[in-house]
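**Student:** The following comprises the amino acid sequence and a computationally predicted model.
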Amino acid sequence: MTDLAAHATPISGLMVFDLPVHGDARGWFKENWQREKMMALGLPDFSPVQSNMSFNEAAGSTRGLHAEPWDKLICLGAGRIMGAWVDLREGPSFGTTFTLEMGLDKAVYVPRGVANGYQALEDNTLYGYLVNEHWSPDARSEYTYVNLADEQASIPWPIPLNKATISDADAAHPRLADVTPMGPRRTLIVGAKGQLGLALQQAYPDADAVDVDELDLTDPDAVAAFSWRPYGTIINAAAYTAVDLAETPEGRTRAWAINVTAVGRLAAIARQQRALLVHVSSDYVFDGTRTEHDEDEPFSPLGVYGQTKAAGDALVAQVPRHYLLRTSWVIGEGHNFVRTMASLAGKGVQPKVVADQYGRLTFTTDLVRAIQHLLSEQAPFGTYNVTCDGPTLSWFDIAARVYELSGRSASDVSPQSTEEYAAGKVVSPRPTNSTLSLAKIKATGLELPSTDAALTAYLARERA
């Protein structure tokens, strides 16, 4: 009897497992799939949802080669086969092959886009496999095939194909030279019209993008009607960010709907579709009593907006594959604080600006760059703080600097307290200190500009 073990193959992601088979006078027993043990050996948490079996009455029965839009784990219930696999995914590994003679003591994990085929070497062979997508007729349009007899793949079938039993459909599959490679699952940007959504679309021109008025995630019927199958990465840039309006009855309802209900539905979809969920959160999940906030600080939101963002964060954290980027004081396309100050400077206005709230700006270009970095580097899943680097500043400090960069005197800007700003208004409580620790994101190799450098570059682009 062998111990459970895993082996890599020439095809990236294709894994072979040695399975312990326990036998006695009554017969045998084995564990075909043991999630905890196999994951410890490198098997992805592929979340199977369907179990299929194929009975092959006579040796020589040959099936394949089919690349399907899901992952599978293959094992046998009786008999022996020669399995064959051909990588049909886009990229330099396209056309790579691997074969294996296997019996009861083997299992093979086959990732999406790798064509799978086999030949029964004994009569009454029982072939079984788990898949992580429910089969449907619509799914066939996403299959990719290659001919069993393809000369380039050159599969060494033990029983010659002219003596094997093959279906007409399998015999008619195209040669490798005529196969269109299976592309990776697509990226979907949610919240396309916001500051971050616009920046994301520039960075991901091939991604699909929808806005909340096109796909209402608060409507369960709209969510059910949307086709989520093609997407392997969902980037959620949608949020209710009207911090003060969130304190009103209507705003409170809307904030919970968009920042919690909709996020919960995205989290459920990501789990169901095995998609990677990227979500953007806020410094407002903290009360600001600490001078710097790391990713592990417990939630302590002050107002409704912060409460909804914290609730959304808790839902996203339940998705196995997620990146949650926590940020502050976001500046991008559209109405924002920096543009407002630059406009006032141009008009000769001498504003009063809050001087007792502290943090760093975050430009959407750098936030997008952080998302790209985490995805490309395949950084560990979890929460990452992302803002500009450099010293902590107040809103007053930033406004004064905008005036300087706009050719005006910093003395044109006067400081005021949060209490003075809020007098007579419906204003959400704000964290005093919004500075986020950047140690974790820096440890992945990402360098972020200082607030002053990013602000200077932003205003230079605005003037260009």
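**Tutor:** Good, I have the coordinates.
**Student:** and residue 192, what does it touch?
**Tutor:** 198, 201, 209, 210, 211, 214, 237 (Cβ atoms under 8 Å, 6 or more residues apart in numbering). C-beta coordinates here come from the backbone N, C-alpha and C atoms, glycine included.
**Student:** So residue 55 sits against residue 126, correct?
**Tutor:** Yes: assessed by Cβ atoms under 8 Å, residue 55 is found in contact with residue 126 at 5.7 Å.
**Student:** Isn't residue 385 up against residue 296?
**Tutor:** No: using Cβ under 8 Å, residue 385 is not in contact with residue 296; the gap is 10.6 Å.
**Student:** Compare the two (neighbour count), which wins?
**Tutor:** The neighbour comparison of residue 385 against residue 296 (other Cβ atoms under 10 Å) goes to residue 385, with 25 against 9.
**Student:** Identify the bridge partners of that one.
**Tutor:** Following DSSP bridges, residue 385 is listed with bridge partners residue 326.
**Student:** got it, and the one 4 residues further on?
**Tutor:** With DSSP bridges applied, residue 389 shows beta-bridge pairing to residue 450.
**Student:** ok, now how distant is it from residue 453?
**Tutor:** 9 Å (Cβ to Cβ, to the nearest Å).
**Student:** quick one, which of these two is more surrounded?
**Tutor:** Taking other Cβ under 10 Å, residue 389 and residue 453 do not tie; residue 389 has more neighbours (17 against 13).
**Student:** so that one touches residue 448, yeah?
**Tutor:** Yes: using Cβ under 8 Å, residue 389 is in contact with residue 448, at 4.6 Å.
**Student:** shared neighbours of the two, anything?
**Tutor:** Shared contacts of residue 389 and residue 448 (Cβ under 8 Å, 6+ apart): residue 438.
**Student:** Least confident secondary structure element in this structure?
**Tutor:** Sorted by mean pLDDT, DSSP states H and E, the helices and strands of the chain end with helix 418-422, the least confident at a mean of 90.
**Student:** out of the contacts of residue 192, which is most surrounded?
**Tutor:** For the contacts of residue 192, neighbours tallied by other Cβ under 10 Å; top is residue 237, 26 neighbours.
**Student:** on that earlier part again, could you pull up the mean pLDDT of whichever helix or strand comes after the least confident helix or strand of the chain?
**Tutor:** Of the helices and strands lying after helix 418-422 in sequence (DSSP states H and E), the nearest is helix 439-443. Helix 439-443 shows a mean pLDDT of 97.
**Student:** Just the C-alphas of helix 439-443, formatted as CSV.
**Tutor:** What follows is helix 439-443, C-alpha atoms only, in CSV (Å, rounded to 0.1, in the frame of the first residue of the first chain):
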residue,chain,number,x,y,z
ALA,A,439,4.2,47.5,5.4
LYS,A,440,2.2,44.6,4.1
ILE,A,441,1.8,45.8,0.5
LYS,A,442,5.4,47.0,0.4
ALA,A,443,6.5,43.4,1.5
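**Student:** Residue 295: neighbour count?
**Tutor:** Neighbourhood size, residue 295 [other Cβ under 10 Å]: 15.
**Student:** Pretty sure it sits against residue 386.
**Tutor:** No: using Cβ under 8 Å as the test, residue 295 is too far from residue 386 to be in contact (10.6 Å).
**Student:** and for those two, which residues touch both?
**Tutor:** Listed as contacting both residue 295 and residue 386 by Cβ under 8 Å, 6+ apart are residue 326.
**Student:** so what's the residue lying closest to residue 436 once chain neighbours are set aside up against?
**Tutor:** Spatial nearest neighbour of residue 436, excluding adjacent residues (Cβ to Cβ, 6 or more residues apart in numbering): residue 385 at 3.8 Å. Applying Cβ under 8 Å, 6+ apart to residue 385 gives the contacts 293, 294, 295, 325, 326, 327, 436, 437, 438, 440, 441.
**Student:** From residue 216, how far out is residue 231?
**Tutor:** From residue 231 to residue 216 the distance is 18 Å (Cβ to Cβ).
**Student:** how's the chain carved up into domains?
**Tutor:** Under automatic domain parsing, the residue ranges defining each domain of the chain are 5-178, 186-463.
**Student:** Please give the number of neighbouring residues around the nearest residue to residue 157 once chain neighbours are set aside.
**Tutor:** Nearest non-adjacent residue to residue 157, counting by Cβ to Cβ, 6+ apart: residue 119, 5.5 Å away. By other Cβ under 10 Å, the residues close to residue 119 number 28.
**Student:** Confirm for me that residue 119 is in contact with residue 65.
**Tutor:** No: here residue 119 lies out of contact with residue 65, judged by Cβ under 8 Å, at a distance of 11.1 Å.
**Student:** Overlap of the contact sets of these two?
**Tutor:** Among the neighbours of residue 119, those also in contact with residue 65 (Cβ under 8 Å, 6+ apart) are residue 84.
**Student:** Could I have the buried ones of the contacts of residue 385 as ChimeraX selection syntax?
**Tutor:** In ChimeraX, this line selects whichever of the contacts of residue 385 come out buried by 16 or more other Cβ atoms under 10 Å:
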select :293,325,326,327,436,437,438,440,441
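**Student:** Save the contacts of residue 385 as CSV, and put in distance to residue 359 too.
**Tutor:** Formatted as CSV, those follow (distance: Cβ to Cβ, whole Å):
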residue, distance to residue 359
293, 10
294, 15
295, 16
325, 15
326, 12
327, 10
436, 8
437, 12
438, 12
440, 17
441, 16
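**Student:** which residues of the chain fall in helices?
**Tutor:** 35-40, 168-171, 195-203, 220-225, 249-256, 262-273, 304-316, 337-347, 364-377, 395-405, 418-422, 439-443, 451-463 (DSSP state H).
**Student:** just how off-centre is the third one within its chain?
**Tutor:** Spelled out, that is helix 195-203. A distance of 16 Å separates the centroid of the chain from that of helix 195-203, by Cα atoms, centre = their mean, to the nearest Å.
**Student:** Name the residues that touch it?
**Tutor:** 189-192, 207, 209, 211, 235, 237-238, 280, 330-334, 336, 364-365, 367-369, 371-372.
**Student:** residue contacts, the spatially most central residue of the chain?
**Tutor:** Residue closest to the average C-alpha location in the chain (Cα atoms, centre = their mean): residue 276, at 2.3 Å. If you count contacts by Cβ under 8 Å, 6+ apart, residue 276 has them with 232, 233, 234, 270, 321, 322, 323, 375.
**Student:** how many neighbours does the fourth one have?
**Tutor:** The reference is to residue 270. Residue 270 has 26 neighbouring residues, counting by other Cβ under 10 Å.
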